[in-house]
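Student: build me a model:
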Amino acid sequence: MASVRIREAKEGDCGSILRLIRELAEYEKLSDQVKITEEALRADGFGENPFYHCLVAEILPAPGQPQGPCVVGYGLYYFIYSTWTGRNVYLEDIYVKPEYRGQGIGSKIIRKVAEVALDKGCSQFRLAVLDWNKRAMDLYKALGAQDLTEAEGWHSFRFEREAMRELAGK
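Tutor: Residues are numbered from 1 along each chain as shown. A predicted model of the protein is given here:
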């Protein structure tokens with residue numbers, strides 16, 4: 001098996017990250033919802049006050065191979081706050097290209113996010129998964145995550161831009 005490195009994304013990775021975001025959306029059957037651009041990823045993740053942080057998984061070439069490292073997965077996360085427990089981290093996306101799944105790369109990304117969260121004093125690590133993605137749910141449970149829909153009955157909601165405009169009276 002090739003060597004895998006999990007590292008913090010750099011501004012130059014935004015093109016690869018966007019390609020992976022589009023692959024993830026296609027996998028989730030939600031391609032029409034991707035509106036983000038490479039420029040927005042760059043501005044929002046690598047400015048003075050980043051809105052998000054990102055890890056990339058890259059396959060390192062074997063010694064003597066001419067090509068450089070190849071980005072095959074990512075984990076995009078940000079910090080949130082719980083009024084009950086304080087600092088939390090939220091993993092917005094985790095994705096590994098299909099041909100690299102089953103090699104522990106997703107687990108490595110999750111472990112690195114957990115490490116970052118603990119270093120930042122977070123008490124919880126949150127994420128969401130589509131109800132049909134049993135493979136991902138099984139992985140998260142195997143790694144120690146608790147299914148809050150099963151355990152506590154939580155449902156996730158969101159307000160889209162138009163609903164926010166109505167709410168804000170704009």
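Student: what's in contact with the helix or strand bottoming out on mean pLDDT in the chain?
Tutor: When each helix and strand of the chain is scored by mean pLDDT, DSSP states H and E, helix 148-152 comes last, with a mean of 91. Contacting residues not belonging to helix 148-152 are listed as 154-155 [CB atoms under 8 Å, 6 or more residues apart in numbering]. Bear in mind the C-beta positions are built from the backbone N, C-alpha and C, glycine included.
Student: what's in contact with the following helix or strand past it?
Tutor: Sequence-wise, the next helix or strand downstream of helix 148-152 (DSSP states H and E) is helix 161-168. Here helix 161-168 makes contact (CB under 8 Å, 6+ apart) with Phe159.
Student: what's the first helix or strand after the strand of greatest length in the chain?
Tutor: In terms of residue count, the longest strand belonging to the chain (DSSP state E) is strand 70-82. Next in sequence after strand 70-82, counting helices and strands by DSSP H and E, comes strand 86-96.
Student: please export the C-alpha coordinates of that following strand as CSV.
Tutor: Output of strand 86-96 as CSV, limited to C-alpha atoms (Å, rounded to 0.1, in the frame of the first residue of the first chain):
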residue,chain,number,x,y,z
GLY,A,86,-18.4,24.8,25.4
ARG,A,87,-16.0,24.4,22.5
ASN,A,88,-16.8,21.9,19.8
VAL,A,89,-15.6,21.1,16.4
TYR,A,90,-17.9,20.3,13.4
LEU,A,91,-16.7,18.1,10.5
GLU,A,92,-18.6,19.5,7.6
ASP,A,93,-17.3,17.1,5.0
ILE,A,94,-15.1,14.0,4.9
TYR,A,95,-14.4,12.4,1.6
VAL,A,96,-12.0,9.9,0.2
